[in-house]
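>>> Pasting the sequence and the predicted coordinates here, then a few questions.
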Amino acid sequence: MTAKVGIRTVFALSLIAVSLIWLGTCSARKEPIRIGLAINLSGRGGTAGEYIRSGSMLAVEEINEQGGIHGHPLELIIRDDGDTAAGILAADTELIDMGVPLIIGHDYSESTLAAYPYVTGEGVLLFTPFTGTTRLSDRDDLFFRTSVDNRAYGRALGRLLFQRGVGRASCLLDMSNPSFVQDYLAETLNNYDGSITPVQCHSKQVINWEEVVPALLAADPQAIVLLSEVTVTGIAAQKLRESGFEGDLIATLWAQTPDLVRYGGKAVEDLTIITFIDSTEQNPKHDELAGKLLAAFNEPLTARSIRSYEAIYVIAEALEQCEDFTANEIKRALLEIPRFETVMGSLSFNEFGDVARPIYAIRVRDGRFFNAGEIH
Amino acid sequence: MRRIRSLKSSIRITVAVIGFILYFAAVLATASVSARRLKRDYALSMIGAVKTFDALVSDRLQESEALLERLIAEAPGDEGREIIDWIRNQFDLLGSPDLFYGIDELGRISSIEDQYDQYLGLDLSHIEHVTEDSPVSDVHQSLFSLKPVVSLRYPLPTGDLLVQEKDLRWIIPLARNFDRNEIVDNGQLFILANNGTVVYHADSSLMNSRHNLGFELKEFSDPDAYGLQNLTYHDKRYIACQETLEVLEGWQVYLIVPVRVLYEHVQEIGVQLIVVLAVILGGSIGLLHLWLLRKLSLPAGRIVSSVSDRAGRTLFDPIPLDVAAGTKELVLIVEAYNSLQDRLKLATETLRESEERYRILVETLTDAVFKIDTEGNFTYLNPIFSKMTGWPIKDVVGHPFSAFLAPEYRQSTTDRFRRGLEGDVIPPYEVDFLLPDGGRLSVELNVTTMFGSDGRTIGRIGVARDVGPRKEADRALRESEERFRSVVEHSHDGIMIVDDAFRFLYVNEQLSTMLGYEPEEIIGHEFGDFLDEGSRQLVSRRYQDRQKGHDVPSRYEFDIVRKDGTRRQVEISSTIITDQSGRARTVAQLLDITDRKRIEQEKHRLETQLIQAQKLEAVGLLAGGIAHDFNNLLQVVRGYTELLLVGGEGESDSPHDLQEILKATNRATELTQQLLTFSRKIESKPALVNLNQHLQDTTKLLERTLPKMIEIKLILDQELPLIQVDPGQFEQVFLNLAVNARDAMRTGGTLTVRTEQVYLNVEFCKEHLEMTPGPYVLLSVSDTGQGIAPEDLRRVFEPFFSTKEVGEGTGLGLAMVYGIIRNHDGYITCVSERGCGSTFKVYLPVTRTTRQSRQKREEVPVKGGSETILLVDDEPSVRDLAQKILQRSGYRVRTAESGEKALEIFQGEGEEVDMVILDMIMPGMGGSRCLQEMLQIEPNTKVLVTSGFSGNGSANGTLEAGARGFLNKPYEIKQMLRAVRDVLDT
């Protein structure tokens, strides 16, 4: 072979090799699909946000390990809203500026309500597993949630109080999330013939328990409903038990985290949580998911983490059906998929992006959550 | 065609490629070294930074712990709340942001800062960081301050538990110096708890949110030689230095730097390297290029120009060596070119001469030569073509060859042409050419394919030979062959062809008949199978001798054995030929000579009888004269004997008388010997003979026979060479001639006998066809008689022709002489003239050997002896005389008068007898039988046989019978004594 032929051959082969490598890397470097997660991590109850984050990150990694969305890696951009209005706005703004078509958030009804007009107004789909306010129900918008709204909770609570023969109840309203708690109470009253005495507090402020506890006990309630953040719920339970209250303590999924037991201790034994989330060991998929979370984050499976895990998979399934990754295309996909099979069973979105799911009574026994069954 | 690149261009490209490769390799190598060095530097910095940071953090933690323990020890009061409050105050004075609270034995908050007094009494017994044994909790959000904290637990002597919530922001000032770009460019320093939660990060949001950064650090590699690891964070590659915090097991300090930063540094260095190396290598390559140009390319170009210039003008002058610019290899090339030029010049001239020769050859061949291109058109024809066919060459060249062929040959020839172009070897074939006058010419074409210098087929070249004469010759040959075949087949002689193993390949009908076998019974068998053993050996020996080149007779005789077992004598004449395949074949002609042999034997017998008859006739003639002499001699003997007897004893003339008696006896013995010699029956025993000697001996005899008035003259050539003749037959010839001369000179005359040596030349032999040229001895016998009439002269050698009166001769003498001379390959003529006489000339061929036929015995003294000899002879006087002779010589003698008596003595006293002297001719038993009996008794008996006549057996016969010697009578005493001694000494 002459030197000339050799040189040409080497050059051609090099060119081909470089092209192939470039093509290969190009194909390997498909643009990621970015979605935002805006939750409370540094405000009160931020520990719960850690569970949301862990569940979401685990789900995203699993989806990317399976090839992503048609080869596009899914990228979760996490922002802390600090459970403040400024924090919510800052977090959502930053995410929207990064071009995400969808924001998972926020983790309280009040936060979600605050974010809703801005996010959806920017043409970004707002997706939450954590908001129950009915103010966002029955709307054809860019808002989707995998959590039931307060109408379901109101019906369930009313039913539960009726089943337990409770004619008088008190209700602690944590006004740090008024759109949830007030809505919740209103829906309960729509489904309850007894009397409920509301008492307000604010978890973001110093709570004067010496005033709150007597106020709750003043009506000699047979049950006290704690519509409060988890630490407040735990502390409230302690305070109430210390004051001699022996009636039912009922809480919401707002308190459905391990912190309830941490901060409630023995006082929360036999407390009932009205929730659509079965993150107990009775859930057949509990062990597998719990194992993954423990291995990855050294955390237990919680109601927060299971909901965020579920939400990521629902979103990913919808993204698989999208021709492009825009909010409206994601909305279309979410609405067109008839049923999503998730770790918590199956769900379907109605035309408004809301869901109907069974409501369970989760009770605290021996410091652990136990599913006492569906509330019919 | 491949593009050819100039040396200059090749040098340029090669130098460029090599330069690029070297440059690239140098850059890579240097970059690699630089990268490693940079990484090492980074590693040193990063590890140093991490260790330093670790030390700072650890020191601070230890310091705080130490302070707290000291304060605990120094705290006043006995109650936990008091202690805790005091400690809190101390830390508040130090400006510590840490939160201190107390847990009582029931797990309730017993003491806490006032701003959090709402939590007093709160049961924290279910919180891990309060209840766990580990002194430091996981990073968690403070229930009170909502800050990211770790809780440190200190048991108090009071049983309470002091909990210090340490705000992680205390690390921030320590890390300020290690922040981005302070120690390591683009370095990110952070601390992670053992579950991956951020303890410290320059991004405070990650701290505030207690972000699990550990989950996002992927694809950790093992530490390399520098102690650095690779990891992936948010799809970007980093090099990382990791260190476990000394005082807090589980906390990991990380310092990570994007790999991109390293590459940027390398790139930076690389750019510098690229520039520097480009300058250095570029300069070096450029100098090398220039040098190569100067030393290689330019001189090569000059050489090329010189060569091209010469090639264009076909010059053979040399190129000057200085064009090679002193480069050895180029100088050698120039020298080689110049040498090649010289050889090329010589080769060109040689080629030109060779071409000229071949052109002349082609132009002058007797065959036509032609060339055809691949399209089948003639492109060349030699002049012979035109001469052979009559076609002008210009009318043929450029036209297809098939147009000149007879129609019936066109297709086949075209096919052959095509196959030939495709590579097939086409054997010669015949076609008919069409001639201008419409005639045809048969030619044989021998065509082969031509190839160009590039190996491609460019046409066909061939030779056309006029086969008309050859065809005619073939036809004539076939006819001739047929004729000869007929001759062979019908020959009266047996004709055979055998191979080198003497196996029959062919026999004609006559030979088949001769052998009595069918031809198929003969073909394939060996010739020896049809011969007896002796003949087989003879034939084999003759064949081998011929193979070796020895002279062998062209004809010889042997016996064949027919199928019926009978034998026939044949004469073979053979010759060795080589067939077409080079194999030796023997062609032989066998002639059945059985009948001829029988006739010859009969003729020989008759001739022998005739000769013997003639001899007898001559003997008879001689006997008359000899008898007369004998009477005279006997008269002498008798007379002197009577005188001695009468004279009495003591007479002084006794010796003289005895001498006379002895002389007469000797003469008588000589006469008897001569007569016996002449009369003995002789077989043909040619011997080397001195003709002059024989003539002299015979002349003595003749002198007794011829009348005294005939004078005998001998004129003999003393230098006469020896001849190979039968002495007895020759004597017969001479006597016959002498007798004829005597008969022609009845009134007397002269008989002249002359010998001379002559050379018969070709001219003489042409006139005398029976002779062959060469040296001869000429014997001329001339008389001065009446001569022979011309009409009788030509018949003089005819049998039974005679001019003598009836009863004076048989008429066979000269016929016999003629026959004897012919048998000796000689020749006889007669010239005569009436009234003048006749001369018979006998030509005998000269032999080459010079040996005498006679071997003279050396004269040795006769010795006597003392042995005992048995003497057997029936003649008393002979017996007595012999006894006296032996006894006088000292021998003891026993005598016997007959064979029987001798045998009787021999049987009784045989051991004492040393030898026997035995007369052959005796009545009764006879000497031969007595000899046989004695030898049977004692095979070693020494016998000397004596005889006066050997008519019934030759001396050789008695010797073969066992006798040790033979003595002819009469014998001299010394002959006898010598013979006796010779036998005794055997």
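Thanks, I have the structure now. Fair warning: this is a prediction, and the values are worked out from it, not measured in the lab.

>>> going forward, measure contacts and count neighbours with C-alpha atoms only.
Fine.

>>> So which bits of the stretch 51-200 of chain A are right by chain B?
Taking Cα under 8 Å from any Cα of the partner chain as the contact definition, the stretch 51-200 of chain A meets chain B at residue A:80.

>>> for the residue of the stretch 51-200 of chain A found nearest chain B, what are its contacts?
Residue nearest to chain B within the stretch 51-200 of chain A: residue A:80 (6.7 Å; Cα to the nearest Cα). By Cα atoms under 8 Å, 6 or more residues apart in numbering or on different chains, residue A:80 lies in contact with A:38, A:39, A:40, A:41, A:42, A:87, A:88, A:91, B:205, B:209.

>>> So in terms of bridging, what pairs with it?
Beta-bridge pairing for residue A:80 (DSSP bridges): residue A:39.

>>> between the contacts of residue A:80, which is closest to residue B:475?
Using Cα to Cα, residue A:38 is the member of the contacts of residue A:80 that sits closest to residue B:475, with 123.3 Å.

>>> Provide the secondary structure category for the residue nearest to residue B:921 when sequence neighbours are not counted.
For residue B:921, ignoring the flanking residues on the chain, the nearest one in space by Cα to Cα, 6 or more residues apart in numbering or on different chains is residue B:927 at 6.1 Å. When classified by DSSP: H, G, I helix; E, B strand; the rest coil, residue B:927 comes out as helix.

>>> And residue B:318, by the same measure?
Secondary structure, three-state DSSP: residue B:318 is coil.

>>> Which element, helix or strand, includes the closest residue in space to residue B:559 that isn't next to it in sequence?
Closest residue in space to residue B:559, ignoring its immediate chain neighbours: residue B:569 at 4.4 Å, by Cα to Cα, 6+ apart. With secondary structure defined by DSSP states H and E, residue B:569 is part of strand B:567-578.

>>> one step back: tell me the contacts of the residue nearest to residue B:921?
Residues in contact with residue B:927 (Cα under 8 Å, 6+ apart) are B:899, B:918, B:919, B:920, B:921.

>>> So which of those residues belong to helices?
The helices, defined by DSSP state H, take in residue B:899 from these.

>>> domain ranges for chain B?
With automatic domain parsing as the criterion, the domains of chain B are listed as B:172-259, B:321-355, B:365-472, B:491-575, B:600-673, B:682-856, B:868-984.

>>> Which of those domains sits closest to residue A:335?
Across the domains of chain B (criterion: Cα to Cα), the nearest stretch is domain B:172-259, sitting at 31.7 Å.

>>> what's the spacing between that closest one and its chain's center?
91 Å (Cα atoms, centre = their mean, to the nearest Å).

>>> for the residue of the stretch 351-500 of chain B found nearest chain A, helix, strand, or coil?
Nearest to chain A in the stretch 351-500 of chain B, going by Cα to the nearest Cα, is residue B:454, at a distance of 21.9 Å. The assignment at residue B:454 comes out as coil when based on three-state DSSP.

>>> in what helix or strand does the closest residue to residue B:519 other than its chain neighbours lie?
Counting by Cα to Cα, 6+ apart, residue B:512 is the residue found nearest to residue B:519 once chain neighbours are left out, at 5.7 Å. Here residue B:512, judged by DSSP H and E, is contained in helix B:509-515.

>>> what about that helix, average pLDDT?
Taken as a whole, helix B:509-515 has a mean pLDDT of 93.

>>> Flag every buried residue along it.
Neighbour-count burial for helix B:509-515 flags B:509, B:510, B:511, B:512, B:514, B:515 (criterion: 16 or more other Cα atoms under 10 Å in any protein chain shown).

>>> got JSON lines for these, with distance to residue A:109 too?
Formatted as JSON lines, those follow (distance: Cα to Cα, whole Å):
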{"residue": "B:509", "distance to residue A:109": "142"}
{"residue": "B:510", "distance to residue A:109": "145"}
{"residue": "B:511", "distance to residue A:109": "143"}
{"residue": "B:512", "distance to residue A:109": "142"}
{"residue": "B:514", "distance to residue A:109": "147"}
{"residue": "B:515", "distance to residue A:109": "144"}
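
>>> which regions of chain A lie under the pLDDT threshold?
Across chain A, the ranges flagged by pLDDT under 70 are A:1-7, A:9-14, A:16-29.

>>> give me the residue from the stretch 301-450 of chain B nearest chain A.
Minimum separation of the stretch 301-450 of chain B from chain A (Cα to the nearest Cα) falls at residue B:301, amounting to 20.5 Å.

>>> neighbours of that residue, just the number please.
When neighbours are counted by other Cα atoms under 10 Å in any protein chain shown, residue B:301 registers 17.

>>> helices and strands around the host helix or strand of it, which ones?
Using DSSP H and E, residue B:301 sits in helix B:298-313. Counting contacts by 3 or more Cα pairs under 8 Å, 6 or more residues apart in numbering or on different chains; DSSP states H and E, helix B:298-313 is packed against helix B:328-364.

>>> what is the orientation angle of the helix it packs on with helix B:298-313?
20 degrees (axes from the mean of the first three to the mean of the last three Cα atoms, to 10 degrees).

>>> for helix B:328-364, packing partners?
helix B:298-313, helix B:383-389.

>>> averaged over its residues, what pLDDT does it have?
85.

>>> returning to that earlier point: going by distance to residue B:36, which of the contacts of residue B:927 wins?
When the contacts of residue B:927 are ranked by distance to residue B:36 (Cα to Cα), residue B:918 comes first, at 140.4 Å.
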